[in-house]
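In: Let's see this in three dimensions:
(one chain, ligands or ions: 2)
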Amino acid sequence: MSLKVYNTATRSLEDFVPLRDGAVGVYACGPTIYNHAHIGNFRTFLFFDLVHRHLEWSGYDVRFVMNLTDVDDKVIEAAHAAGTSIQKHTGPFGETFLSDCQMLGVRTVDSYPRATEFIDRMVDFISRLIEKGHAYPADDGAVYFSIASFPGYGKLKGIDISTLIEGARVEHDEYEKEDARDFVLWKAATEADEAVGAAWDSPWGRGRPGWHLECSVMSTTELGDTLDMHLGGEDLVFPHHENEIAQSEGATGHPFVRYWMHVKHLFVEGRKMSKSLGNFIRVRELLEEGYDPAAIRHLLISSHYRGDLNFTRDGLKASAVAVQRLLDFEARLAELATDDSAEASALPDLSASVLVAFRTAMDDDFNSAHALGTIFGFVTRVNSELDERGNVTAADRDAALDALRSMDEVLGLLEVAHASRTVDDDLVSWVERMIEERAAARASKDFARADQIREDLAAKSIVLEDGAEGTRWKMIS
Ligand code: AMP
Ligand code: ZN
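Out: Ligands and ions are numbered 1, 2, ... in the order given. Have a look, this model is predicted:
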């Protein structure tokens with residue numbers, strides 16, 4: 001069986017055939033780095049990661065690009081409120097985003113373009129659209145895309161362009177949701193834009209790019225005129241991706257994207273996530289509260305990306321149990337005393353068939369829910385085979401271990417669990433070293449050094465308790 005993907009553009013499951021045999025170019029709409037990413041964003045980013053990993057696991061030569069939006073309405077507003085420049089405001093959020101990705105096992109991608117690094121190309125791109133009659137500068141210093149000039153407009157969303165008001169404009173990308181009129185490619189700079197460093201020179205005066213344009217320019221610059229896959233959350237279908245198609249195909253004259261894929265929004269405790277409902281959760285908070293990153297990863301990939309997923313703390317606890325089951329299973333296999341004179345077991349057959357079932361699930365439009373089901377079925381069967389037999393040969397044991405680890409190259413659960421536990425072990429040995437050093441400092445009456453060590457530990461939320469039987473320590477949240 002080969003990979004099938006659900007293409008938003010055709011509303012059907014299609015065989016995946018990349019433009020160039022064996023190679024895939026993917027563009028994913030990444031975060032707007034005006035604040036920390038929330039767990040909904042990470043449902044989407046973890047889906048990106050599953051696509052990335054599964055394509056690589058399947059032998060494709062993948063070029064994966066995920067942009068970081070560092071200039072748009074939200075960024076400007078946030079920088080303004082913080083009294084700083086967009087660059088200074090977005091820098092740390094970009095860093096934290098990448099470190100959250102690393103904690104959750106999101107593989108590093110080939111390129112993370114930031115919109116502000118592409119301004120010259122954006123200006124060229126708009127000039128091309130004007131030359132081709134798809135765009136026009138207006139008196140207000142802005143440049144608009146003329147949707148009447150692009151007959152295919154509305155296809156991705158499935159709306160009829162003839163019902164739209166010709167020549168009517170929408171200026172602010174934040175407020176144009178569900179609106180379909182001439183949209184802005186370049187906005188004239190306001191005082192606020194200038195104040196936060198979000199204004200550049202252009203043939204149309206000082207200004208800044210529209211959000212939709214940013215993705216068209218970054219994606220085609222990085223991957224060429226036609227992308228194999230373009231990914232994002234479901235909220236981006238319209239107008240963001242619809243507008244990207246119009247801009248890109250208008251400018252290049254080539255089909256823009258072969259397969260569009262969109263991730264359904266995450267719910268939290270049964271409702272849409274929002275600050276006013278008090279169910280708004282950032283990944284950072286969960287990590288800081290000490291939740292296992294592997295459990296977060298498990299929960300966010302436990303449902304098919306087009307299906308519903310409801311995040312709850314109880315769900316997170318159940319995911320932690322599931323991850324522990326995988327870890328225990330791996331440890332059982334790794335530590336198994338093997339006996340090469342043992343009779344042949346069912347392990348090689350179970351291993352071969354789980355790999356086929358796993359591939360079939362992932363090839364079926366990245367069905368991670370089924371893929372997880374096949375792995376846990378395998379764990380149950382292999383465990384009972386081991387219970388029954390007691391002994392297996394090293395080759396049989398290795399077949400099972402290799403299958404497990406191979407599937408984990410896609411799911412990344414053991415990988416993340418091991419990485420976070422290594423960090424924990426490192427921390428424990430560091431704390432123990434510090435406690436010894438403090439005891440030595442106190443013994444030699446170097447109280448300044450002893451206090452310094454206590455403070456260093458406190459900075460990492462570690463408190464010491466001196467008692468009769470020595471010093472104990474604990475983490476406080
Ligand atoms: P943003 O940082 O708002 O630009 O969003 C980054 C990515 O996360 C986009 O692909 C969004 O579609 C996606 N996204 C936003 N909210 C959610 C949510 N609740 N569930 C899943 N994905 C989301
Ligand atoms: Zn985008």
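In: Pull the contacting residues for the closest residue to ligand 1 within the chain.
Out: Across the chain, the shortest distance to ligand 1 (Cβ to the nearest ligand atom) belongs to residue 233, at 1.9 Å. Quick note: C-beta positions are derived from backbone N, CA and C, even for glycine. Residues near residue 233 by Cβ atoms under 8 Å, 6 or more residues apart in numbering: 29, 40-41, 44, 262-263, 265.
In: Please pick the buried ones from those.
Out: Neighbour-count burial (16 or more other Cβ atoms under 10 Å) is assigned, among the contacts of residue 233, to 29, 40-41, 44, 262-263.
In: Now intersect these with the helices, please.
Out: Cross-referencing these against helices under DSSP state H gives 40-41, 44.
In: and which of those residues is nearest to residue 310?
Out: Among those, residue 40 lies closest to residue 310 (Cβ to Cβ), at 11.4 Å.
In: Around the nearest residue to the closest one once chain neighbours are set aside, count how many other residues there are.
Out: Leaving out its chain neighbours, the residue that sits closest to residue 40 by Cβ to Cβ, 6 or more residues apart in numbering is residue 266, at 4.1 Å. Here the count is done by other Cβ atoms under 10 Å, and residue 266 has 23 residues near it.
In: what would the ones in helices among the buried ones among the contacts of residue 233 look like in TSV with distance to ligand 2 and pLDDT?
Out: As requested, those are exported to TSV (distance: Cβ to the ion, whole Å; pLDDT from 0 to 100):
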residue	distance to ligand 2	pLDDT
40	16	96
41	13	96
44	12	98
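In: export those residues to CSV and tack on distance to ligand 1?
Out: Listed next are those as CSV, based on distance: Cβ to the nearest ligand atom, whole Å:
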residue, distance to ligand 1
40, 2
41, 4
44, 4
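In: circling back: which strand residues bridge the residue of the chain closest to ligand 1?
Out: Beta-bridge partners for residue 233, by DSSP bridges, are residue 263.
In: Work out which residue lies at the spatial centre of the protein.
Out: residue 45 (1.7 Å; Cα atoms, centre = their mean).
In: Now the residue of the stretch 151-300 of the chain found nearest ligand 2: closest residue in space, sequence neighbours ignored.
Out: The nearest approach of the stretch 151-300 of the chain to ligand 2 comes at residue 215, 3.3 Å away (Cβ to the ion). Nearest residue to residue 215, sequence neighbours excluded (Cβ to Cβ, 6+ apart): residue 244, at 5.3 Å.
In: Over to residue 256?
Out: Using Cβ to Cβ, 6+ apart and skipping the chain neighbours, the partner closest in space to residue 256 is residue 248 (4.1 Å).
In: Same check on residue 272?
Out: residue 265 (7.2 Å).
In: I'd assumed residue 40 was in contact with the one you found.
Out: Yes: using Cβ atoms under 8 Å, residue 265 is in contact with residue 40, at 6.1 Å.
In: mind showing which ranges of this protein have poor pLDDT?
Out: 1, 163-180, 475-477 (pLDDT under 70).
In: Show me how it divides into domains.
Out: Annotated domains of the chain cover 17-263, 312-420, 425-475 [automatic domain parsing].
In: Quote the end-to-end distance of the first one.
Out: Taking Cα to Cα, to the nearest Å, the span from the opening residue of domain 17-263 to its closing residue is 21 Å.
In: for stretch 460-472, same thing?
Out: 15 Å.
In: Would you pull up how far it lies from the middle of the chain?
Out: With Cα atoms, centre = their mean, to the nearest Å as the basis, stretch 460-472 stands 39 Å off its chain's centre.
In: can you map out the helices along the stretch 151-300 of the chain?
Out: 191-195, 211-223, 242-252, 283-288, 293-301 (DSSP state H, counting those that start in this stretch).
In: Touching the longest one from outside, list them.
Out: Residues outside helix 211-223 that contact it (Cβ under 8 Å, 6+ apart) are 25-27, 29, 63, 65, 67, 69, 71-73, 111, 113, 115, 118, 121-122, 125-126, 173, 183, 185-186, 209, 227, 230, 239-240, 243-244, 247-248, 251-252, 256.
In: and the residues you listed near ligand 2, which?
Out: Under the cut-off given by Cβ under 5 Å from the ion, ligand 2 has residue 29 from the contacts of helix 211-223 close to it.
In: which helix is the longest one in this structure?
Out: Longest helix in the chain, counting residues (DSSP H): helix 413-443.
In: the inter-axis angle of that one versus helix 293-301?
Out: 150 degrees (axes from the mean of the first three to the mean of the last three Cα atoms, to 10 degrees).
In: what about helix 413-443, distance to the chain center?
Out: 29 Å.
In: Check which residues of the next helix or strand after that helix are buried.
Out: Next helix or strand after helix 413-443 toward the C-terminus (DSSP states H and E): helix 447-459. The neighbour-count check on helix 447-459 (16+ other Cβ under 10 Å) flags 450, 453-454, 457 as buried.
In: now the strands for the stretch 251-400 of the chain?
Out: Assignment of strands within the stretch 251-400 of the chain using DSSP state E, counting those that start in this stretch yields the ranges 257-263, 267-268, 271-272, 310-311.
In: Would you point to the one among the ones you listed that's packed deepest?
Out: Mean neighbour count, computed with mean count of other Cβ atoms under 10 Å, is highest for strand 257-263 among those, reaching a mean of 23.
In: Give the other helices and strands that that strand contacts.
Out: With contacts taken as 3 or more Cβ pairs under 8 Å, 6 or more residues apart in numbering; DSSP states H and E, strand 257-263 sits against strand 4-7, helix 39-57, strand 227-233.
In: From the chain's centroid, how far away is the following helix or strand past the second one?
Out: Spelled out, that is helix 39-57. Tracing the chain past helix 39-57, the next element assigned as helix or strand by DSSP H and E is strand 61-66. Averaging C-alpha positions (Cα atoms, centre = their mean) puts strand 61-66 13 Å from its chain's average.
In: Which elements pack onto strand 61-66?
Out: Applying 3+ Cβ pairs under 8 Å, 6+ apart, we find strand 61-66 packed against strand 23-28, helix 39-57, helix 211-223.
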